[in-house]
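> Here's a sequence, model it:
(one chain, ligands or ions: 1)
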Amino acid sequence: MEGLMHSMFEPLRLASGHVLRNRLMFAPLTTQQSLADGRVSREDRHWLAMRAQGGFGLVLTAAAAVTADSRAFRGQYGTYSDAFLPGMTGLAHAVKRHGAIALVQLQHGGGRSLRTAGGALAPSPTPAARAANRGDLAEVIDAFASGAERSVRAGFHGVQVHAAYGFLLAQFLDPQANRRTDAYGGSLDNRARLLREVLAAIRTRTPSAALSVRLNFRDRGLRPDEMLALAGELLVDGAVDHLDLVVEHPAVFEEMEAARPTWLRTLNRRRGVLGLTGGFSSARSIEAALESGADLVGIGTAAVLHPDLPKQLLAHPGFRSRTLPATADYLAERGVSPPFLDYLADWPGFVTEADRAAA
Ligand SMILES: Cc1cc2nc3c(=O)[nH]c(=O)nc-3n(C[C@H](O)[C@H](O)[C@H](O)COP(=O)(O)O)c2cc1C
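Have a look, this model is predicted:
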């Protein structure tokens, strides 16, 4: 049992050469606490520094917008201007000084962007968005690569490309949202073309940076077998150093295990490592994922509730996260700022009813 408990604290080396001090990733969490003009705030720094100090090996920022028009949230910071560099530099420093590897999550909101009146882009037209043309796609690719370049200039070790949860790159992957008949629609290869081109452009512009991608095992119209095929290819051919596969919930992880019992174990790991995120809230569940063949585990909710979750796991081998809902005071003590509390109050069951009413 003891040998087992140590595995989450074993360092992990990425193909980029960066070494994570353990197998625990702080998942990307939107906090809506950045400044209205797209700059990083003091609250952003405090929030992430607490998680890095708490011992996470890999720390992801909140989703950052790669263009002004593709912001998907209020209070979201951006990577599309040099004016943001000082704030980004402060954020990178706040995480790195505590020994974590720091990645910016790069996002294009696509059809989920706040600006919809003709300004939002999607693979195929929707009531809120127009279909992206070739010129738009070239701009999208350049925006991701510029965002990566700026992140590295700010001192981050690299970036994660957000291709999950129905934002632009996930919409391209999804055959229901992507009804294109050009080279970016149709077969899985075609639907993944934009993602591939984004990843390749980032590699070219930031060759020594750590490159991660986030996919969702169950993303709308994309079949699980297609998702696993794509994930396997991206890892095997070295398109990414880390693939963060969201399984959302223990039941989804079990479903994946049942459908492909050997997938995690037999996947070729020469070029990239595979992490799972979703529903991990105890030492036991984390160890089970690592035992199943995951290289690392991403943690969101339990890391909101326990900024020092890795330290807790080390000190208490049977550690379990406390359960939701949490009070506003409890969350404030753990770095949740007032705008972030407002956002969390919209998530079912996160904040106690009494405090939701007050938020
Ligand atoms: C408040 C909140 C904000 C989130 N923001 C993001 C985000 O910016 N980018 C992203 O890829 N996922 C985001 N997620 C999803 C988490 O990263 C994670 O995949 C999900 O919460 C499942 O993990 P968990 O069960 O450990 O919370 C968010 C989740 C929560 C609860």
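
> how close does D355 get to H46?
Separation of D355 from H46 (Cβ to Cβ, to the nearest Å): 21 Å. Where you see a C-beta, it was placed from the backbone N, CA and C, and this is true even at glycine.

> Give me the more crowded residue out of those two.
Taking other Cβ atoms under 10 Å, D355 and H46 do not tie; D355 has more neighbours (20 against 13).

> For the residue lying closest to that one once chain neighbours are set aside, list the residues it contacts.
Sequence neighbours aside, A328 is the residue nearest to D355 in space, at 3.9 Å (criterion: Cβ to Cβ, 6 or more residues apart in numbering). A328 sits next to 341, 351-352, 355, 358-359 when contact means Cβ atoms under 8 Å, 6 or more residues apart in numbering.

> P250 reaches R284, doesn't it?
No. Applying Cβ atoms under 8 Å, one finds P250 not in contact with R284, separated by 10.8 Å.

> How many residues are close by the residue in the stretch 101-250 of the chain positioned nearest to the ligand?
In the stretch 101-250 of the chain, no residue comes nearer to the ligand than V246, which is 4.7 Å away by Cβ to the nearest ligand atom. For V246, the neighbour count with other Cβ under 10 Å is 22.

> Give me the number of neighbouring residues for the nearest residue to it once chain neighbours are set aside.
Leaving aside its sequence neighbours, V246 sits nearest to N216 (Cβ to Cβ, 6+ apart; 4.4 Å). By other Cβ under 10 Å, the residues close to N216 number 22.

> can you pull the pLDDT of N216?
pLDDT recorded at N216 is 92.

> Also the one 4 residues further on?
On the pLDDT scale, R220 is placed at 78.

> My guess is it contacts A177. True?
Yes. With contact defined as Cβ under 8 Å, R220 counts as touching A177 (7.0 Å).

> out of the two, which sits in the busier spot?
A177 (24 against 14).

> wait, what's in contact with the more buried one?
So A177 contacts 111, 122-124, 126, 166, 171, 220-221 (Cβ under 8 Å, 6+ apart).

> so which of these is the most crowded?
Q171 (29 neighbours).

> Within the helices and strands, which one has that one?
Using DSSP states H and E, the element containing Q171 is helix 168-173.

> next SSE after that helix?
Next element after helix 168-173 (DSSP H and E): helix 188-191.

> Buried residues, that following helix. List them.
Buried residues in helix 188-191, counting neighbours by 16 or more other Cβ atoms under 10 Å, are found at 188, 190-191.
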